[in-house]
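*Asks:* missing the sequence, but the structure's below:
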Ligand SMILES: O=P(O)(O)OC[C@H]1O[C@H](O[C@H]2O[C@H](CO)[C@@H](O)[C@H](O)[C@H]2O)[C@H](O)[C@@H](O)[C@@H]1O
Ligand SMILES: O=c1ccn([C@@H]2O[C@H](COP(=O)(O)OP(=O)(O)O)[C@@H](O)[C@H]2O)c(=O)[nH]1
C-alpha cells in the first residue's frame, strides 16, 4: 500500500495574509483538531482548502503558500470566492448542515448551490487524482465532500477509498426531502468503506440506501454492481495523551507560568471560593443549543435561587460560518440573551455569565477545562462533540462533572456523564443542582470509567481501526469465497469447453439471464436472449437446461416452442425437446390448503406483496414492499411458517425478495444431479444468482464450474457481476 491521502474541506491550518506575510493559524472544529493528531504521526498528505480564496491570493505569494502548506504536510485546492460562497456557505452549510442536524426549516434547496457543490467536489477529486497514485489510500472526510468518492472511483476503479461522516446522518424521512438525495448517496457509494460516529447514523444511512436506491443490503454490506461497500461505526476519539499531558504540565507550572486568562480565573476562585464554574465551549452554531442553554441557566437560577452568586457560567462561543444568515441571527440572539440575563441578575460581586466570542489558543482551552467544576454541553444534535471528551481528559485529579446532551454522538460512549435532554429545562435545572452537589467520590468514580475508555479508544486507535477495516477490504478480507472470473480463468474455461466431449449447462433465469422487474411476468426473454440460447442449444454435444423456480405455464409459453430443456418449480417439472412437462419428483400438495391463508394474511398486512401459486409450491413475493418493512415481515413469516410446517415434508426457501414454501424433496440441486446421472458429462456448468441456486452449487461435483451472479456469500467457485456479464460469458461458447 502507498501513502495515505486525507481529504477534507478544512485543512488543519488556515492561512491568512497580513502585510504580505503568510500566517498559519490552527483550525478550530473537531474534524481538524482530531485528525491533526492522526496526520502528524503519519506519512500522510492532507489535501484541502487553505482558507484563502483565489482573489485573496497575490500571484507572487503562490509559491510561499504552497511551501507553508507543504511544511505542514498539506496541499491546497484553490477555490474562488464564488465557489466558497456556493459550495461552503451555500450547499454545505445552508442545505446539508441544517438538514442533517434536523433543522429542516433552515435548509435551503437552491439549484445554484448544488451545482457549485458538484463542481467543487470535482475539483477536490481532480486534486486527489493529481496528487496521489493508484496504490495510495484515499480517506475523504465529511459532508462537504460527499460526491468525491464516486468521482475518484470513476478514474481510479481499483484505489482504496474510505469516507467518514463527522456529522449525524438523518433518518430516511428527513433525508428524502433533499432534491439531490440519490446523487448524494451514489457519490458516497464510490467508497469501499463508509464510517459514521454511531450505529444510529449508520442504520439511517443504510435505510436510505435501501429505500432510495433499492440496493441490496445485508447486515452492513451494500451490494452495488460488482462491488461491496462496507458501512460501519467508528466513534472518533481524542488525542488523550496530549490533553492529559497538557493538564499535568499546567498543574506543574502553575507557580511559574500563568496565562492572563488563568490569572483571571484564579482571582475569581480566590475571591469566591464557594462559587462553582460551569463551562461550555462550542462553535457558535445553532446545532449546539447555546441559546437554549442560556435560557435553561436562567430557569435554573429561578428554580434554585439559593445558587445565585454561587455559580458562574462561562460560555466560549467560537466564531463560525458567519456569512450564513442563521449564524448571524444566532449571534445577535445570544448577545441579547447574555446581556439581558446579566443585566437582570448581576450583583455588585457577581456576573452570572462570562461570555467570550472568540477562538482561544490551546493553552487557554486547558486553562478553562482544568479550572471548571462542571462542563455543560447541550447540543440539540451533534455528530460527536469532542469538547466533552477533552474536558474529561484534562481532569487529572479525576474531579469534575460532565453534563452532556443525549443528542451528541459522544453520549453513546459517555454513559457515566450526567446525560440530559437539552429541551427539558426542568431536568437540566435538577441536573445542574445534582452536579453542583455531587460528592467528590462519585465524581472520581464516574470519571475513572470515562478516562479509561477515552485513553483506550483514543484518536489513534480510531484512525487505525478505520484504516485497518479499509485495508482488510482491499485485501479481499470479505466473506466471499468465490473468485472473480478473471481473464485467465475465462481462458481456462474456454479450453475445457472446447476439449469436452459432452457438456451440460444449467442456467437459472431470473437474476441470471434477465434482470428483475417489479412484475415478474414482465421479465420476459428478449430477442438477444433467444438468439443466444438458440445458438447454445444448437451446439453439438451440449445439453442446455433452463432451471428455475418459475411455474410451468410461464416457461411453457416462453420456451416450449423453442424446445429448450427446462426444469421448473425448483425441480418439480421437466420438459425436454419441446415435450410437455412431466413430473420429475413425486410431490404432495395437501399442505397448500393450510399455508395459503397464512400467506394471504401477510399480503393483507404488507402492502406491495403478493402470493404466486404454482402447482406444487406457494411463493410470497415482497420485492415491491417498503424494503425494511418487507424484511421485517419476511422474518415474521419465516417464524410463523417454521412453526406451522412442523412434521410435514415441506420447507421454506428464502430467495431474492421471495419466500417459497415447497416440498422438502424438491430443489434445484437434486434435479441437477439427476440430470447429471443421465449421461457421462465431462463439462458441467451451473450459473445462478440466488439462494435457491446454492443447492446446485453445493450438490454438483467438485469438477463443475459453478458461477454466482452478483457479489454475495456463496458456495459457487466463481462470481460475475451481473446478467450482462453472464450473457457475455455465454456468447463465448456460442
Ligand atoms: O470547518 P467549519 O465549517 O469551520 O466547521 C468546523 C467543523 O465542524 C464539524 O465538526 C464535526 O466533527 C467533529 C469531529 O468528528 C464532531 O465532534 C462534531 O460533532 C461535528 O460537528 C464539521 O463536521 C467539520 O467538517 C467542520 O470542519
Ligand atoms: O477556541 C477554541 C475552541 C475549541 N477548539 C476545538 O474545537 C473542537 C470542537 O470540536 P467538537 O467536536 O466539539 O465540535 P465541532 O466544532 O467540530 O462541531 C475541539 O477539539 C476544541 O478543542 C479550538 O480549537 N479552539
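*Replies:* Great, that's in hand. These numbers come from a predicted model, not from an experiment. Ligands and ions are numbered 1, 2, ... in the order given.
*Asks:* so what's the one residue in the chain that gets nearest to ligand 2 up against?
*Replies:* In the chain, the residue that lies nearest ligand 2 is residue 30 (2.6 Å; Cβ to the nearest ligand atom). Where you see a C-beta, it was placed from the backbone N, CA and C, and this is true even at glycine. For residue 30, the contact set (Cβ atoms under 8 Å, 6 or more residues apart in numbering) comprises 166, 236, 383, 384, 385, 386.
*Asks:* Just the element for the fourth one, please.
*Replies:* In the assignment (DSSP states H and E), residue 384 maps to no helix and no strand.
*Asks:* Just grab the bridge partners of residue 546 for me.
*Replies:* Taking DSSP bridges as the rule, residue 546 bridges to residue 507, residue 566.
*Asks:* measure the spatially closest residue to residue 163 that is not a sequence neighbour to residue 121 for me?
*Replies:* Leaving aside its sequence neighbours, residue 163 sits nearest to residue 191 (Cβ to Cβ, 6 or more residues apart in numbering; 4.2 Å). Separation of residue 191 from residue 121 (Cβ to Cβ, to the nearest Å) stands at 13 Å.
*Asks:* How about residue 97?
*Replies:* For residue 97, the distance to residue 121 (Cβ to Cβ) stands at 16 Å.
*Asks:* just residue 161 next, same as before
*Replies:* Residue 161 is 13 Å from residue 121, by Cβ to Cβ.
*Asks:* Looking at those two, which is more packed in?
*Replies:* Using other Cβ atoms under 10 Å as the criterion, residue 161 and residue 121 rank with residue 161 on top: 26 against 23.
*Asks:* ok, that one touching residue 192?
*Replies:* Yes: applying Cβ atoms under 8 Å as the test, residue 161 and residue 192 come out as touching, 5.6 Å apart.
*Asks:* Would you indicate which residues of the worst-scoring helix or strand of the chain on mean pLDDT are buried?
*Replies:* Sorting the helices and strands of the chain by mean pLDDT, DSSP states H and E puts strand 216-218 at the bottom, at a mean of 82. Buried residues in strand 216-218, defined by neighbour count with 16 or more other Cβ atoms under 10 Å: 216, 217.
*Asks:* next SSE after the strand or helix carrying residue 697?
*Replies:* Counting by DSSP H and E, the element that carries residue 697 is helix 694-699. Downstream of helix 694-699, the next assigned helix or strand under DSSP H and E is strand 705-709.
*Asks:* Check which helices and strands that following strand is in contact with.
*Replies:* Strand 705-709 is packed against strand 683-688, helix 694-699, strand 718-720, helix 723-733, with contacts defined by 3 or more Cβ pairs under 8 Å, 6 or more residues apart in numbering; DSSP states H and E.
*Asks:* The same query, at a cut-off of 7 Å, please.
*Replies:* strand 683-688, strand 718-720 (3 or more Cβ pairs under 7 Å, 6 or more residues apart in numbering; DSSP states H and E).
*Asks:* Which strands or helices does the shortest one pack on?
*Replies:* Contact analysis of strand 718-720 by 3+ Cβ pairs under 7 Å, 6+ apart lists strand 705-709 as its packing neighbours.
*Asks:* buried residues in the strand it packs on?
*Replies:* Quick answer for strand 705-709 (16+ other Cβ under 10 Å): 705, 706, 707, 708, 709.
*Asks:* hey, what's the third one bridged with?
*Replies:* This points to residue 707. As for beta bridges, residue 707 partners with residue 687, residue 718 under DSSP bridges.
*Asks:* going forward, begin numbering at 512 instead of 1
*Replies:* Done: numbering now begins at 512, and the last item shifts to residue 1218.
*Asks:* Could you measure from it over to residue 1066?
*Replies:* On the measure of Cβ to Cβ, residue 1218 and residue 1066 end up 21 Å apart.
*Asks:* isn't residue 842 right up against residue 797?
*Replies:* No: applying Cβ atoms under 7 Å as the test, residue 842 and residue 797 come out as separate, 10.4 Å apart.
*Asks:* so which of the helices and strands packed on strand 1216-1220 is the most packed in?
*Replies:* strand 1194-1199 (a mean of 24; mean count of other Cβ atoms under 10 Å).
*Asks:* same for whichever strand or helix holds residue 665, what does it pack against?
*Replies:* Assessed by DSSP H and E, residue 665 sits inside helix 659-666. Judged by 3+ Cβ pairs under 7 Å, 6+ apart, helix 659-666 is in contact with helix 622-642, strand 648-652, strand 671-675, helix 692-699.
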